[in-house]
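Structure for the following, please:
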Amino acid sequence: MSVPDYMQCAEDHQTLLVVVQPIGIVPEESFFRIYKRISAVSQVNVRDSQRVLYIRYRHHYPPENNEWGDFQTHRKVVGLITITDCSSAKDWPQTFEKFHLQKEMYGSTLYDSRLFVFGLQGEIAEQPRTDVAFYPSYDECETVEKRIEDFIESLFIVLESKRLDRATDKSGDKIPLLCVPFEKKDFVGLDTDSRHYKKRCQGRMRKHVGDLCLQAGMLQDSLVHYHMAVELLRSVNDFLWLGAALEGLCSASVIYHYPGGTGGKAGTRRAQGGSLSAEAGNRHRPGALTSNGINADTSAEIGRAKNCLSPEDIIDKYKEAISYYSKYKNAGVIELEACVKAVRVLAIQKRSMEASDFLQNAVYINLRQLSEEEKIQRYSILSELYERIGFHRKSAFFKRVAAMQCVAPSIPEPGWRACYKLLLETLPGYSLSLDPKDFSKGTHRGWAAVQMRLLHELVYASRRMGNPALSVRHLSFLLQTMLDFLSDQEKKDVTQSLESYTAKCPGTMEFITLPDGLKLPPVPFTKLPIVRSVKLLNLPTSLRPHKMKSLLGQNMSTKSPFIYSPIIAHSRGEERNKKIDFQWVQGDVCEVQLMVYNPMPFELRVENMGLLTAGVEFESLPAALSLPAESGLYPVTLVGVPQTTGQITINGYHTSVFGVFSDCLLDNLPGVKTNGCTVEVIPALPRLQISTSLPRSAHTLQPSSGDEISTNVSVQLYNGETQQLIIKLENIGAEPLEKLEVTAKTVNTKEKLYGDFLSWNLEDTLSQFPLKPGKIATFTVNIKLKLDFSCQENLLQDLNDDGISVSGLPLSSPFRQVVKPRVETKPMNPPEGSKAGDFSHVKTLEAILNFKYSGGPGHVEGYYRNLSLGLHVEVEPSVFFTRVSTLPATSTRQCHLLLDVFNSTEHELTISAKNNEDLILHAGECQRMAIQVDKFNFESFPESPADGTQFANAKQLEEERQQAKALAASSHPPEEAR
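Alright, predicted model coming up:
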């Protein structure tokens, strides 16, 4: 016996073997359709009896295996069913002759046979025959199952007669010696009359009768015969047949203990037998031989249990039987199949370690030179059995060996598809799956070195199959999931291979469906580069939208009546997709900053890197970057333009690395930090750009409010000078500019200004509105500088003759008697750089022009933008009034004020005053000029209600006098003459 049946199980010992084969040319599909219907009739209940016959069908069976039918009767072909196509009567004789030739192949063991003829009609088909059935076609053969049942009944009759014939103890008759094929030459010349020989014949026959009883459904009788055979054969050391008797004893006990079977299809045997019992009892044809007159299996459960082995004894007897088989080189197939049967029993008993011992023994059993196909089958069955006992990695090992056998060098046409299919089946045993999500959770499972070897083999097999997309997918999976275990050189090799594959077939994010229906998920490169944080950036200060204040107030929320809710606050902190407190604007470029690093030992080129969004139509503007080898955290800014309004969520980013396109979702990156991924996009607003006629300033204004100044300009003016600042307003956006408000604020100055520092007329500018995109409007701002023209107070001389000076103004006698010099009016220590006599000190003024503008859909929704212009003015001194004194009045309505005027500039100046001649001052020259000043009209001065409180508000009076002095001194500002 040379061909092992790896699908054998213990309960097969009770089956009758029937071979179903085609004769002539029969379409394969038609043959297997009929074969499937025939093999469905695998259990038949014997009428008027509790017995059940089990049939085992095979469409191919080696004739040499049939020679071992006496050794174990379940290996004997007892039935033959042939199927043939015959369309004409003239072909019938030849067809029938082929049928007889087929019977002769198994003729020595056949109990009965049948020929099913399809397509033949006429006189021949109408002749009644028991061994031939005619059918018009493969579709019109309703009675196939009925014919098979009749056929099985005929097999039972022959089987029962043989059992009775062999079981009857015929005194005086010589019992023949049953032999296996390789024993026949060894028994030539033996003494057939010796007691030892007779015991051997008796023991073998007892074992043979036990097999027949088991096939005939008489379980208890078979147990009795097996026990007797064991005793007889053990006494004569007939080890081969003793092993067979022990195995028969084990099989009968397994059938008793495990009625559901051990072959893996649990519950099929008894369940089918029970369902077919009543129906099968009614199907037998009238007049058929029943079991009347034939002793039925009426043994009681007590007797059966007495002779039956316990589950533990079953395994011990299997071990003993296998040890006897191992003594014979030619019984390798029997030994191998016994190991497989024992493993199936141990799998049900959940005794995995003992089962592995049997399997390990099966691995080392030497058979004849096996073909490649037989090797593949052997390793596949070993893999399946290891899987059944829970040895998943061992199972994967043998399945991988089977896969490699499919493409052995000795095979002229290697089966790469079969190899690939088997390799896929090994993945679970090595803790591998083809879904990269399984590798993003927790620690790595399995042996990485073995997993990488297996993935490399998958890549190679898929390439040899002619499927480059599959190779790219597996290689991408290897690089993504095994990156931490690859050496620097391996990383370079894998990426080079990947680039060569993707040059022909780029990697995509599509599922790959295999022919057997398995779908391979996409493999995004979330580690090339590794992203550590994602931060949505606010728009630049000048482009940020602001909401106009509502009547409820800017900070009032109408969504909830509660001021504070800790539950909501907590959930917002935990929620990844929390909303951010700033807005993006439709049509404006928005930015997201990623902190990434390159784990590769070489420069990593990332192409086509952009954002993945949801909720709003978004135009992503891809970027390309090159990260140095093993770089630290590296900031990358991705930009895009939202095209519609609403809530936009940043779901992730997409890249192209080594020719593989990846969509990396933030949900699949558990280690990524983010400030939230959802932001509101408001309707489009115009964009204003300002330019001026003044040069940009090196000084950057930093207002106390924290607002950023988009543009800073500077100008240098003399005190008292007026200059126009022309500002060009250009609409560089896509929406019309409809509204504009301008405000000014002076910042960072201690100087006291007189009059309006900045003034403008907005009506001329607004007349050019709405300002279309690309259009320019002009806006004119008047800069007027009026600072204090007097010199420092410590330089002022006493007025008139009493030495009393109050802010440089002469006082008439009624006031002079009361007002005394005040401590508050005395000068403080002047700051450094502005000491007395330093007439070249330059003062600085800073102001901010704020442009509040809106337009387009954003204006309808109540949004606007702010744009600020910083103005830095350096004020150089022009003239100083260093001394103030008075002359006696020459008129009742006017008096004379004497002023010492000093020209601190490098230019010649002309001083003009009302009703006075112009005074020309050269550079650095000081001259005195007289000015007529109207006297106060004291008649209209209000009377004080009480003398004690007349000067109670002296501070207010002091401020009024200082303003009067300033008005008098600067009523006609000097004009610069250059």
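
quick check, Gly203 in a helix?
Yes. Assessed with DSSP: H, G, I helix; E, B strand; the rest coil, Gly203 lies in a helix.

any idea which helix or strand carries the closest residue to it other than its chain neighbours?
Nearest non-adjacent residue to Gly203, counting by C-beta to C-beta, 6 or more residues apart in numbering: Leu232, 3.2 Å away. For the C-beta atoms, the positions are set from N, CA and C on the backbone; glycine is no exception. Assigned by DSSP states H and E, Leu232 belongs to helix 219-235.

Which positions in that helix come out as buried?
Counting neighbours by 16 or more other C-beta atoms under 10 Å, one finds that the buried residues in helix 219-235 are 219-230, 232-233.

May I have it as CSV, with CA atoms only?
This file holds the C-alpha atoms of helix 219-235, laid out as CSV (Å, rounded to 0.1, in the frame of the first residue of the first chain):
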residue,chain,number,x,y,z
LEU,A,219,-20.8,-2.9,17.3
GLN,A,220,-21.0,-5.2,20.3
ASP,A,221,-20.1,-8.3,18.3
SER,A,222,-17.2,-6.5,16.7
LEU,A,223,-15.8,-5.7,20.1
VAL,A,224,-16.0,-9.3,21.2
HIS,A,225,-14.2,-10.5,18.1
TYR,A,226,-11.5,-7.9,18.4
HIS,A,227,-10.8,-8.8,22.0
MET,A,228,-10.5,-12.5,21.0
ALA,A,229,-8.3,-11.6,18.1
VAL,A,230,-6.0,-9.6,20.3
GLU,A,231,-5.5,-12.5,22.7
LEU,A,232,-4.9,-15.0,19.9
LEU,A,233,-2.5,-12.8,17.9
ARG,A,234,-0.6,-11.7,21.0
SER,A,235,0.1,-15.3,21.9
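
Spell out, range by range, the helices that occur in the stretch 201-350 of the chain.
With helices called from DSSP state H, counting those that start in this stretch, the stretch 201-350 of the chain shows them at 219-235, 239-257, 268-283, 301-307, 311-325, 332-349.

in the top strand by length along the chain, what counts as buried?
In the chain, with assignment by DSSP state E, the single longest strand is strand 863-876. By neighbour count, with 16+ other C-beta under 10 Å as the criterion, the buried positions of strand 863-876 are 863-873, 875-876.

Endpoint to endpoint, stretch 743-763 covers what distance?
One end of stretch 743-763 sits 14 Å from the other (C-alpha to C-alpha, to the nearest Å).

Please work out which residues outside it touch it.
For stretch 743-763, contacts defined as C-beta atoms under 8 Å, 6 or more residues apart in numbering pick out 701, 703-704, 740, 742, 779-788, 843-850, 852, 871, 875, 966, 970.

quick check, Tyr881 in a strand?
Just to correct that, residue 881 is Phe rather than Tyr. Yes. Assessed by three-state DSSP, Phe881 belongs to a strand.

between the helix holding Leu232 and helix 311-325, how many degrees?
On the basis of axes from the mean of the first three to the mean of the last three C-alpha atoms, to 10 degrees, helix 219-235 is oriented at 40 degrees to helix 311-325.

Which strands or helices does helix 219-235 pack on?
Judged by 3 or more C-beta pairs under 8 Å, 6 or more residues apart in numbering; DSSP states H and E, helix 219-235 is in contact with helix 195-215, helix 239-257, helix 301-307.

Centre of the chain to stretch 20-40, how far?
Chain-centre distance of stretch 20-40: 48 Å, with C-alpha atoms, centre = their mean, to the nearest Å.

list the buried ones in that stretch?
Buried, per 16+ other C-beta under 10 Å, within stretch 20-40: Val20, Gln21, Pro22, Ile23, Val26, Ser30, Phe31, Ile34, Tyr35, Ile38, Ser39.
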